[in-house]
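Participant: heads up, no residue letters with this:
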């Protein structure tokens, strides 16, 4: 609850002390829970855009945006936590000056942010965001520049999510799946995307050699999904060897690696599947 003593200066000082105390307590609680720094730190705009792949940007105008949607910063990642509470007293005077101005009704200029999907990252106005949150406000005026990305900007709550997005983007640049295939070929371990890319490219090279004809990347991706991935996943399901929490693409990788390890074959048939499933059944 925001208190009002009648003195904007005293209240601004109290606001800062309260914000710092909450940040320290939040940091201690995170350590006790063994949370990593990326869970409590504000997110880096550059890291998010690198993971998702930057395509284009455009100025979207001045808008009123929700403060809860501001999750990161362009250049002050370590100065504020995820809820934009100051992590030190270095800029206390500036913070309190803005708090006094907000409490006395002075006009506060809009902040400047980058928008990535439903997320916003501050390029100018970090202290204004911090003060607004401390005062319990829900909205803030901002000049918005929207960023278009290669991957959909969803599910990016921590650096671990960014690593997964980064490797998925690299895989899709090498193997441009679309539609159903793009949704189906998904894994939970970042480096598995590199294995998938190599697997598809190797399949494409063998197929082109056998057919004596060139395939471009989109054709290779579409044919691998239709001729290799989907039939094998159907066989895995019929054999009952996909783990309860295992995604179809993960099951495909596991069984395909087991096949080559056991019999050094790239073909699929009933005998091959029988040999693989008898050795590599995943417990449900």
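Facilitator: On my side now, so go ahead. Quantities reported herein were computed from a predicted structural model and do not represent experimental measurements.
Participant: okay, now residue 86: neighbour count?
Facilitator: Neighbourhood size, residue 86 [other CB atoms under 10 Å]: 22. (C-beta placed from N, C-alpha, C; glycine too.)
Participant: Correction: the previous question concerned residue 151.
Facilitator: Residue 151: 17 neighbours (other CB under 10 Å).
Participant: Now it: closest residue in space that isn't a chain neighbour?
Facilitator: The shortest distance from residue 151 to any non-neighbouring residue, by CB to CB, 6 or more residues apart in numbering, is to residue 52 (4.6 Å).
Participant: My guess is that neighbour contacts residue 116. True?
Facilitator: Yes - using CB atoms under 8 Å, residue 52 is in contact with residue 116, at 7.0 Å.
Participant: list residues touching both of the two?
Facilitator: Counting by CB atoms under 8 Å, 6 or more residues apart in numbering, the contacts common to residue 52 and residue 116 are 149, 153.
Participant: would you list every one of the helices in this structure?
Facilitator: 8-32, 37-40, 45-52, 92-103, 126-134, 159-174, 179-184, 190-211, 217-224, 230-239, 248-263, 270-280 (DSSP state H).
Participant: For the residue nearest the centre of the chain, give its distance to residue 163.
Facilitator: The structure's the chain has its C-alpha centroid closest to residue 156; by CA atoms, centre = their mean the separation is 2.7 Å. Using CB to CB, to the nearest Å, residue 156 is found at 11 Å from residue 163.
Participant: what is in contact with the two at once?
Facilitator: Joint contacts of residue 156 and residue 163 (CB under 8 Å, 6+ apart) are residue 51.
Participant: show me where pLDDT drops low in the chain?
Facilitator: Along the chain, segments meeting pLDDT under 70 span 1-6, 35-40, 259-284.
Participant: Tell me, how many residues neighbour residue 225?
Facilitator: The burial count for residue 225: 22, using other CB under 10 Å.
Participant: List the contacts of it.
Facilitator: 177, 180-181, 184-185.
Participant: Can you give me the distance of it to residue 242?
Facilitator: 17 Å.
Participant: cool, and residue 82?
Facilitator: Residue 82 is 37 Å from residue 242, by CB to CB.
Participant: And for residue 41?
Facilitator: Counting by CB to CB - residue 41 and residue 242 are separated by 37 Å.
Participant: just residue 93 next, same as before
Facilitator: In terms of CB to CB, residue 93 sits 60 Å off from residue 242.
Participant: And the two? Which one has more around it.
Facilitator: residue 242 (20 against 10).
Participant: what's the burial count for the closest residue to that one other than its chain neighbours?
Facilitator: Of all residues not flanking residue 242 in the chain, residue 251 sits nearest, at 4.2 Å (CB to CB, 6+ apart). Per other CB under 10 Å, the neighbour tally for residue 251 reads 18.
Participant: from memory residue 251 sits against residue 239, does it?
Facilitator: No - at 10.2 Å, residue 251 does not count as touching residue 239 under the criterion of CB under 8 Å.
Participant: by how many degrees do the strand ranked longest in the chain and helix 45-52 diverge?
Facilitator: Criterion DSSP state E: the longest strand present in the chain is strand 54-66. Put simply, strand 54-66 runs at 130 degrees to helix 45-52, going by axes from the mean of the first three to the mean of the last three CA atoms, to 10 degrees.
Participant: Within the sheet, what are the partner strands of strand 54-66, with directions?
Facilitator: Strand pairing for strand 54-66, using DSSP bridges, gives strand 139-149 (antiparallel).
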